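A.B. asks: Based on what follows, work out the 3D shape:
(chains A, B, C and D)
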There are 4 protein chains.
Amino acid sequence: MQRPTIAVLGASGYAGVELTRLLVLHPGVELQVVGSDRWMDETVAAKAGIPSELRYLAPDRALEHAATCSAVLLATPAEISHAWVPQLVDRAIVIDLSGAFRLRDATAYPKHYGFEHHAPELLARARYGLPELRRGELAGARLIANPGCYATAIQLALAPLAKLVTGRWVVDAVSGVTGAGRKATEEMSFAEVAGDVRAYRALRHQHLPEIVQGVGGDLAFVAHLVPIARGILATCHAELAPGVDGARVASAFDAYLREPFIELEASADDVAIKDVVGTNRCALGWSLAGRHLVVTSAIDNLVKGAAGQAVQNLNLALGLPETMGLTLRGFHP
Amino acid sequence: MQRPTIAVLGASGYAGVELTRLLVLHPGVELQVVGSDRWMDETVAAKAGIPSELRYLAPDRALEHAATCSAVLLATPAEISHAWVPQLVDRAIVIDLSGAFRLRDATAYPKHYGFEHHAPELLARARYGLPELRRGELAGARLIANPGCYATAIQLALAPLAKLVTGRWVVDAVSGVTGAGRKATEEMSFAEVAGDVRAYRALRHQHLPEIVQGVGGDLAFVAHLVPIARGILATCHAELAPGVDGARVASAFDAYLREPFIELEASADDVAIKDVVGTNRCALGWSLAGRHLVVTSAIDNLVKGAAGQAVQNLNLALGLPETMGLTLRGFHP
Amino acid sequence: MQRPTIAVLGASGYAGVELTRLLVLHPGVELQVVGSDRWMDETVAAKAGIPSELRYLAPDRALEHAATCSAVLLATPAEISHAWVPQLVDRAIVIDLSGAFRLRDATAYPKHYGFEHHAPELLARARYGLPELRRGELAGARLIANPGCYATAIQLALAPLAKLVTGRWVVDAVSGVTGAGRKATEEMSFAEVAGDVRAYRALRHQHLPEIVQGVGGDLAFVAHLVPIARGILATCHAELAPGVDGARVASAFDAYLREPFIELEASADDVAIKDVVGTNRCALGWSLAGRHLVVTSAIDNLVKGAAGQAVQNLNLALGLPETMGLTLRGFHP
Amino acid sequence: MQRPTIAVLGASGYAGVELTRLLVLHPGVELQVVGSDRWMDETVAAKAGIPSELRYLAPDRALEHAATCSAVLLATPAEISHAWVPQLVDRAIVIDLSGAFRLRDATAYPKHYGFEHHAPELLARARYGLPELRRGELAGARLIANPGCYATAIQLALAPLAKLVTGRWVVDAVSGVTGAGRKATEEMSFAEVAGDVRAYRALRHQHLPEIVQGVGGDLAFVAHLVPIARGILATCHAELAPGVDGARVASAFDAYLREPFIELEASADDVAIKDVVGTNRCALGWSLAGRHLVVTSAIDNLVKGAAGQAVQNLNLALGLPETMGLTLRGFHP
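C.D. replies: Just a heads-up that it's a prediction; the model follows:
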């Protein structure tokens, strides 16, 4: 039987390379098209060190070929996805890793993404690809908006608590530098990043509306850059509602026990980025002092926070086993 | 005129080495005694790379000589300070860098520091050495409890706001590994720390009661370890009280404008560890979204968070200019 | 058909964990015994994050069970291997990752490994497990001495040149901290290692006689510690013999073209640790200026330099395909 | 008495910032002009975090003002220095930190620096600013070529040996990323540099002719990039000439005993970058095995390898004490 054919657009960014790596080795699909303006005409083996003789196509040719595949995954900037997805969505399954189809409210785009959204009807059709919370909507989906990296870590931490807490969520999260994409900036140079930590887009990060759309309530969120290559750790605070105790919290998280990609740890202190780097897992742990609850959540921003989750969504959309191609062996050190 | 003579006990830990470096080069005092069980009989030059031919004395001899100095600075573990300070306090100015004399409530020690406190009368006499907030109490003080590193960064951020906010403080802070002291543990090995971030003592860190004692209110605090050598960044959340606006916040922070060791930055995003490493400065910045306020605060945990602040306190206790010996040139990269 | 059964002794060190990871996922063998004094009675899943419910056995019990397996891999210190291998070697295939059976000359052990060797007859029987150079001796071998990490990187660089050069080899190599094993020492703490580089055991590293035994000639070798977790880069200098030119060098390295785990790069500048981390590959490149030749060689010290090569040797000893279980997807960043 | 006035051109690169920091705090000179196209009109305090209200001037205005100062230090690219120095050299003392005036042989410039040299007469006049080896030529010098960073570390290691060894020098050296200057390239991004080590310009680095000009002989030199911000460690190999023993080596290095900026360590293993970072010191140690000698040499590439040495040269040119303004307190961690 022929395996479904796949195209990856924007294949030379960090998420695009990770996608390519996962799909080349995925036993249930066949990667046929990789598009990149940066590496065009080169082989995947030469540029990304992945065992494949596929060659990167220039963006326009890649887009053309992509439309003939069973599914297209876009690891392109949001504005590019916004332009290309309408051309693809009636011809193939589309999974977009950018923010271009994550928000239901088209009017939020100018503020958070810097462009006017011209496809509000696609925003209504797009399914939000966080399988642990929306699995039912993803089987057979045709357009999936793959969640943001912070948004993944934070929603997996907060969703079980939505009915158990009161007041606003407060979240501080740290991310490794690959979260910012492949960048040739002084700001992201080793000399500037090593030895430093700083906040960025405090209280106005573009994942904020995405998280609120998912878990409701009010959210204060501050993102931070730390000198690591990969990984996110989100520290999430909430106040238990009257009458809610630790046992209720525990049983809310127990809903994750059967999730193949979620690891429940003994406490907030037992969640570490090193345990999830290179895997599609999310590690979660919580601690309580009085009524104040802290949940920590760790993912690899390029895997569960981007490419791995996209493959998980692809599996669901294609009717393949959800974990296929995702039994990764992370390692640390 | 003879300069005041100084002893440093516990001189081979990271804070002790930093203290030694500052005091060897301090123009207003004379370092006469350095005590260390680890490096005894070796010279400061050989072990700490600081231009001084002073030799480390064994702890008991150092303690004996210390009592003849004008001032003694203890960079010893809290239990050691607890045992030694009573022997020193009537003979010399004492500045203790541990937590042994920071809490006024003796009954808090078993829980937070793991020992019974036997000198509650000294807890009552000890002044809390955070000059920017307590300068008036420090001139001529005889026993100064030097604040904890997290406690310094966080109180400097929160103190101006005490009357402007409502509800609990929520603080997430990250620290470099020297905050844990000189450690020969697998947990602190390069292989384990590099590439990782994790929370520790979530909601039960021993600096928690110290901070609450200083700024009042209710506090949720989570400490995190990040792969840097030096530095703390604290991200502090609070809710403005009704009727309080950004202008009031700005004017509250303006009280710091004349502080030699505080730098006010334009926003929470503009505070970075790299700008304070190697200096006695605290950088502060704030951002507001609706009524939610975030203040970020950065210090070098070994300087403003330990040895530098101890020298600042020493200057005050001795009647020297507060910044003497503290015009450090940090550098990054 | 039943798969060969495998025991790993010393399974909690960094190489032991890597071996366990490779063997749990290896399709051709069945890992049955993991021994560790450190983690005994715990599961592999809990301590090493590898999907297996196997429990670590105490060393004596593990040794006893190991003797009933088809093959035993020892990731134990050289003195332990020296004591245990004689008990195992007539009952199972033995692959020792320590230096205990690498040197043919028993009299070299006191100087380089600090103990008297009591099994010189096993030194004579042991095959040296560097498949690219000794494949013929490894099929069906019963006792294999797995090469040292530096020794692997350096011999793969030098062996093709043995007949083309004159004078002594000069090699400087850098290694990540996992090369020193799992260590709870101040010297290996993040605070000491970050930002530093230093030489160690200059001209007297214990891999020196192992390399000379393999490639002949005279060797000056200096090892260095760099602040990375994994990886070795060896920079190897030699002088071309009269009449030898670059074309001869190129054709000597062409012998590696069919090697599945060797990557030939365009020049010495094109070899980077990041391209091999997490894989069983060795990257090699060379540059020539006049008659002076430089070859750079990069491996992951825990994979091609230890556990991966041990599995490669195991495959050869068992008659399995040499690359089975070793198609690893390294990643960087 | 009025202090000599100083201009720094190219003041916003890493070496330029370091120069500015040293000169602002230098008690014997007065920094009057800082030029930068990058930061023009901003203050030194705002951009470089150095306590000075000086403002950066645009390059042309800075050049004009510089000509009225007592001395001008150029931290500009070699081609810029090549263009500007002829305009300055008859009006002020000139110290150039680039390679533009380091090589006596004008014909070497196209190959090593990529431009034709149009001022061979200045190459003849320029003094080479390595005080420990050329102090006599530097008092009162009018044009000083400040050595390269690698060239400084390596020549200080090799010079004492010039008459004691035979055959070619072989040197491998590693450098932190600031050696490449302030760079906005993907290659120098944290994501690419962290966890990696690689060689670059193997056997053809532009400091090669500079070193050979200084110490004679034949040299094979390979530079490497390591994931640290600051520091160089050079590992230098040589063969002792017949009749030369360790005692002769020791006495050759003893010539450095009175050098204020050289630290002799007990062996090659005792030299570490961390001990010199932030200082103007060079640490040197050697080890011998048979007739093979290894000397390790460590400096801070931005201080002894650039700005610090430039200030040392400035002091000599102006007749000030050589160590003035250079008693820096480095620190590690």
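A.B. asks: Residue A:82: what's it in contact with?
C.D. replies: The contact partners of residue A:82, by Cβ atoms under 8 Å, 6 or more residues apart in numbering or on different chains, come to A:98, A:100, A:115, A:117-119. C-betas here are computed from N, CA, C, even on glycine.
A.B. asks: Check residue A:85 too.
C.D. replies: Contacts of residue A:85 (Cβ under 8 Å, 6+ apart): A:74, A:94, A:96, A:100-101, A:119, A:122, A:143.
A.B. asks: Need those residues in TSV (columns: pLDDT and secondary structure).
C.D. replies: TSV is the format used below for the contacts of residue A:85 (pLDDT from 0 to 100; DSSP: H, G, I helix; E, B strand; the rest coil):
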residue	pLDDT	secondary structure
A:74	98	strand
A:94	98	strand
A:96	98	strand
A:100	98	coil
A:101	98	coil
A:119	97	coil
A:122	98	helix
A:143	98	strand
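A.B. asks: which residues are there in chain A that come within reach of chain C?
C.D. replies: A:14, A:18, A:21, A:25, A:49-51, A:177-178, A:195, A:229-230, A:275, A:278, A:327-333 (Cβ under 8 Å from any Cβ of the partner chain).
A.B. asks: Now the buried members of the residues you listed.
C.D. replies: A:14, A:18, A:21, A:49-50, A:177-178, A:195, A:229-230, A:275, A:278, A:328-333 (16 or more other Cβ atoms under 10 Å in any protein chain shown).
A.B. asks: how far away is residue A:206 from residue D:142?
C.D. replies: 57 Å (Cβ to Cβ, to the nearest Å).
A.B. asks: Looking at the two, which is more packed in?
C.D. replies: residue A:206 (21 against 16; other Cβ atoms under 10 Å in any protein chain shown).
A.B. asks: who touches the more buried one in this structure?
C.D. replies: A:99, A:112-113, A:148 are the contacts of residue A:206 under Cβ under 8 Å, 6+ apart.
A.B. asks: again, only using 7 Å
C.D. replies: Listed by Cβ atoms under 7 Å, 6 or more residues apart in numbering or on different chains, the contact partners of residue A:206 are A:99, A:112-113.
A.B. asks: Please identify, among these, the one with the most neighbours.
C.D. replies: Going by other Cβ under 10 Å, residue A:99 tops these with 24 neighbours.
A.B. asks: Next up, the contacts around it.
C.D. replies: A:78, A:113, A:148, A:206.
A.B. asks: residues near the closest residue in space to residue A:265 that isn't next to it in sequence, how many?
C.D. replies: Distance criterion Cβ to Cβ, 6 or more residues apart in numbering or on different chains; nearest residue to residue A:265, sequence neighbours excluded, is residue A:285 at 3.6 Å. The number of residues packed near residue A:285 is 24, by other Cβ under 10 Å.
A.B. asks: same question, residue A:257
C.D. replies: There are 8 residues near residue A:257, going by other Cβ under 10 Å.
A.B. asks: Just say helix, strand or coil for it.
C.D. replies: coil (DSSP: H, G, I helix; E, B strand; the rest coil).
A.B. asks: wait, residue A:235 sits on residue B:223?
C.D. replies: No - at 10.0 Å, residue A:235 does not count as touching residue B:223 under the criterion of Cβ atoms under 7 Å.
A.B. asks: and for the two, which residues touch both?
C.D. replies: With Cβ under 7 Å, 6+ apart, residue A:235 and residue B:223 have common neighbours residue B:199.
A.B. asks: follow-up on the earlier one: surely the residue nearest to residue A:265 is within a helix?
C.D. replies: No - counting by three-state DSSP, residue A:285 falls outside a helix, being strand.
A.B. asks: quick one, what contacts it?
C.D. replies: So residue A:285 contacts A:265-268, A:270-271, A:296 (Cβ under 7 Å, 6+ apart).
A.B. asks: Let's see that with 8 Å instead.
C.D. replies: With Cβ under 8 Å, 6+ apart, residue A:285 has these contacts: A:264-271, A:295-296.
A.B. asks: Tell me if the top strand by length along chain A is near chain D.
C.D. replies: Longest strand in chain A, counting residues (DSSP state E): strand A:165-175. No - if you take Cβ under 8 Å from any Cβ as the test, strand A:165-175 misses chain D, and the best it gets is 11.8 Å.
A.B. asks: which strands and helices sit next to that strand?
C.D. replies: Contact here means 3 or more Cβ pairs under 8 Å, 6 or more residues apart in numbering or on different chains; DSSP states H and E; on that basis strand A:165-175 packs against helix A:149-158, strand A:219-225, strand A:232-240, strand B:165-175.
A.B. asks: Please state the offset of it from the chain centre?
C.D. replies: 18 Å (Cα atoms, centre = their mean, to the nearest Å).
A.B. asks: Which of the three states applies to the most far-flung residue of chain A relative to its centre?
C.D. replies: Distance from the C-alpha centroid of chain A peaks at residue A:243, with 34.3 Å (Cα atoms, centre = their mean). Residue A:243 falls in the coil class when you classify it by three-state DSSP.
A.B. asks: Then residue A:269?
C.D. replies: From three-state DSSP, the assignment for residue A:269 is helix.
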